[in-house]
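S.K.: Quick one, structure for this:
(2 chains)
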Number of protein chains: 2
Amino acid sequence: MPQVKVIVTLKPTLLDAQGRVVKEALHSLGYTEVEQVRMGKYLELQVDAQEANDRRVLENRIREMCDRLLANPVTEDYRFEIEEVPV
Amino acid sequence: MPQVKVIVTLKPTLLDAQGRVVKEALHSLGYTEVEQVRMGKYLELQVDAQEANDRRVLENRIREMCDRLLANPVTEDYRFEIEEVPV
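M.R.: Numbers count the residues shown, from 1 in each chain, chains lettered A, B, ... in the order given. Just a heads-up that it's a prediction; the model follows:
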């Protein structure tokens, strides 16, 4: 069964307020070597093998899912990997 | 400058309510091949090269950051990769 790992991150030009809060918290704990923190979403999708037997079709479907739901095209970038997981 | 990529996910035994909502939304858009969705956090940390020149020290520091702040040890697992990014 294919497993798809999707990573959604803010576009680099955007201020990452959440990342800044985490960085400051790390600094307050003494981890001052951390210079920047960027936050994002991680998703693991299990996909039905029968429907996903054509890799190119699956890749297009994943792109559609990201464009339509999983990522905000205005503020976020996404990337994904497809792994074959033994059932 | 080392870049650390951290992925934080719910422990597999825990119900992923957020993941279920995303799965149902994908199904309502017609992506019924998606059988399961697991959500998590993705963080990219830029770390000061001078302070991170000993890889083992850096790995221990990252583990500490995850255990103390970035991941909830009761409900979450984490994994990370350290990449060398040209300055």
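S.K.: how long is stretch A:61-76 end to end?
M.R.: By Cα to Cα, to the nearest Å, the extent of stretch A:61-76 from end to end equals 18 Å.
S.K.: how distant is it from the center of its chain?
M.R.: 10 Å (Cα atoms, centre = their mean, to the nearest Å).
S.K.: so for it, what's the average pLDDT?
M.R.: Averaged over stretch A:61-76, pLDDT sits at 96.
S.K.: is residue A:37 in a bridge, and if so with what?
M.R.: Taking DSSP bridges as the rule, residue A:37 bridges to residue B:45.
S.K.: check contacts around it.
M.R.: Neighbouring residues of residue A:37 by Cβ atoms under 8 Å, 6 or more residues apart in numbering or on different chains: A:16, A:19-20, A:22-23, A:26, B:43-46. Where C-beta positions appear, they are placed from N, C-alpha and C, glycine not excepted.
S.K.: State the distance from it to residue B:82.
M.R.: 15 Å (Cβ to Cβ, to the nearest Å).
S.K.: Could you measure from residue A:84 over to chain B?
M.R.: 15 Å (Cβ to the nearest Cβ, to the nearest Å).
S.K.: nearest spatial neighbour of that residue, skipping sequence neighbours?
M.R.: Leaving aside its sequence neighbours, residue A:84 sits nearest to residue A:2 (Cβ to Cβ, 6 or more residues apart in numbering or on different chains; 6.0 Å).
S.K.: Repeat that for residue A:46.
M.R.: Closest to residue A:46 by Cβ to Cβ, 6+ apart is residue B:36, at 4.0 Å.
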